[in-house]
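> I'd like to go over a predicted model; first the sequence, then the structure.
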Amino acid sequence: MRDLKSLKFFCGALIDPFYEVFEILDNNAHQEYQNVLSDIKSIEPDALEEFVDKYLINEMINSQEDKEIAERAHFLVHLLKNEINKLRRSKLTEITKRQAPYDSSNLIEVEINDNQLVKMDMFNLSHHNLMLNEMVYMICPVTEGSNSSYWLSQAIFKQQIEKNINFKIRLDPLKEIHKDQYNPMMYKMHVLGKPLNWEKLKNLRFDDFGQWFNEKDYEKAGFTDYVWSPKKDNTIHFTCEEVPKLEYNGIQSSRYFHAIFNKNSGKINHCDGAIRFYTDDELANRVQFQVKDPEARKVGKRVKIFQFDSKDNNDIEPGQSEFCDLAVNFFVWNNDVIKYFN
C-alpha cells in the first residue's frame, strides 16, 4: 500500500476523492490541506507522465491555470481510489467472525449472518439513513465508484419502507459516521426498470442466455452475461454477472446478481446481489465460460451485498417491477443491462 498521508481521511470521508481533493486544494485552511499537498508533491514525474498519457488528462484540464497541479491532483485521486478499494477488499475478504464495521463497539451486539449481512430493520431508517445509536452506516459499494450503491440503496429503501419488505445488507467496512457529520451527496439520476415479458419467461423449457461485450477502451467491464434457467421445482432462476477486463482486475470487481421466480405467482421469492473478487488466474479461467456454465460459478470470492428471502418476510414476494428496479440499480452504469430491462 502506498504511503499517502491523506488516505486515512479519505477512507472515512463521505465525499469521493474526485470531488474532495480539488475542494481541499482550494482551501488552505482545511484540516487535510497539508497532507494532500504533501501527497501531490511526492508523485514521481515518470509515473505522472504515464498516467496523464494513458487517461488523456490534458483534454480534461485545458481551462486550468496550473496544469501541473491539476495533473497531480487527478493522479492523486486515482491513487486514493485504488488504495481505498484495496483496503475495502482486504476487509471484505478478511477471515474473521465479525468483519468491519461489525467489530466496532456500536455494532458488536448486532446480529449478522454467515455472509456478514445484517437485517435493515435493526436500524433507524428515517431519511433513508442506516442509523444506530447516532452512528450512520452505508451499503457497501458494488464497484470502485464510492457512490455505486447509491441507486441500489434507494431501490432497497423504497421496498423496505413502503412495502415493509425486510432486506439483509452488507455494510461498507470503511464507513461509520456520527450523525452530526453525516451530510451525504445526493444524485438526481434515475435508473428505472420495465416489467418483463412474463408469459414468455414462464413457458421456458430450456436455458435462455445472452452475452454483451464492452468494446470501449476506457470501460473497466469486459463483458456481461445472463441466463434464465427453468428448474424442476416450478421456479426460474435469473443469474447475471458483469466481469471486469483482465487489465483492470484488482481495481474492478465483478457484479453478480441472482433471483428466483415463482412460476405460480410470477413474483420473486429470493434475490441477492454480490461482488466477486478474482485472482488473475481465476479471471483468466472465468472468461472462458458463460454464467450458465457450472465452471463459471466455481471460481472467485463472492461477497454478498444484499439479500431478500420471502421465507423471512411472511412469504411476501416482490413483483416483477420491484425485481427490475433492483437489477438495473445494482448494475448502474451498465448500459447493456439497462437497455435489456427497458
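Yep, that arrived. Residues are numbered from 1 along each chain as shown.

> may I have stretch 30-48 as CSV, with CA atoms only?
The C-alpha atoms that make up stretch 30-48 are tabulated as CSV, following Å, rounded to 0.1, in the frame of the first residue of the first chain:
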residue,chain,number,x,y,z
HIS,A,30,-8.8,22.7,5.5
GLN,A,31,-7.5,20.1,8.0
GLU,A,32,-6.2,17.9,5.3
TYR,A,33,-4.6,20.6,3.1
GLN,A,34,-1.0,20.0,4.1
ASN,A,35,-1.4,16.2,3.7
VAL,A,36,-3.0,16.5,0.3
LEU,A,37,-0.3,19.0,-0.8
SER,A,38,2.4,16.6,0.5
ASP,A,39,0.9,13.7,-1.4
ILE,A,40,0.8,15.7,-4.6
LYS,A,41,4.4,16.8,-4.3
SER,A,42,5.6,13.2,-3.7
ILE,A,43,4.3,11.9,-7.0
GLU,A,44,7.1,10.7,-9.3
PRO,A,45,7.4,12.6,-12.6
ASP,A,46,7.7,9.4,-14.7
ALA,A,47,4.6,7.8,-13.1
LEU,A,48,2.7,11.1,-13.6
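
> list the buried residues for that stretch?
32, 35, 36, 37, 39, 40, 43, 48 (16 or more other C-beta atoms under 10 Å). All C-beta spots, glycine's among them, are computed from the backbone N, C-alpha and C.

> again with stretch 229-239
Going by neighbour count (16+ other C-beta under 10 Å), the buried part of stretch 229-239 is 229, 230, 235, 236, 237, 238, 239.

> check stretch 114-124 too.
For stretch 114-124, the neighbour count (16+ other C-beta under 10 Å) marks 116, 117, 118, 120, 122, 123 as buried.

> now swap in stretch 295-305 and tell me
Applying a neighbour-count criterion of 16+ other C-beta under 10 Å, one finds 296, 297, 299, 300, 303, 304, 305 buried in stretch 295-305.

> check stretch 203-220 too.
For stretch 203-220, the neighbour count (16+ other C-beta under 10 Å) marks 208, 209, 212, 214, 220 as buried.

> now do stretch 244-254
Across stretch 244-254, burial judged by 16+ other C-beta under 10 Å covers 244, 245, 249, 250, 251, 252, 253, 254.

> using pLDDT, spot the least trustworthy of the residues you listed.
By pLDDT, residue 251 ranks lowest within the buried residues of stretch 244-254, coming in at 71.

> give me the number of residues near the residue lying closest to that residue once chain neighbours are set aside?
Of all residues not flanking residue 251 in the chain, residue 144 sits nearest, at 5.8 Å (C-beta to C-beta, 6 or more residues apart in numbering). As a burial measure, residue 144 scores 19 neighbours (other C-beta atoms under 10 Å).

> verify the stated contact: residue 144 with residue 78.
No: Residue 144 lies out of contact with residue 78 (C-beta atoms under 8 Å); the separation is 10.5 Å.

> redo the buried residues of stretch 203-220 as JSON lines? Include distance to residue 134, secondary structure and pLDDT.
What follows is those, written out as JSON lines (distance: C-beta to C-beta, whole Å; DSSP: H, G, I helix; E, B strand; the rest coil; pLDDT from 0 to 100):
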{"residue": "208", "distance to residue 134": "49", "secondary structure": "strand", "pLDDT": "92"}
{"residue": "209", "distance to residue 134": "48", "secondary structure": "strand", "pLDDT": "93"}
{"residue": "212", "distance to residue 134": "44", "secondary structure": "strand", "pLDDT": "93"}
{"residue": "214", "distance to residue 134": "43", "secondary structure": "coil", "pLDDT": "86"}
{"residue": "220", "distance to residue 134": "37", "secondary structure": "coil", "pLDDT": "85"}
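
> closest to residue 15 among those?
Using C-beta to C-beta, residue 220 is the member of these that sits closest to residue 15, with 21.8 Å.

> residue 246 is in contact with the closest one, correct?
No: the criterion here is C-beta under 8 Å, and residue 220 misses it with residue 246 at 10.6 Å.
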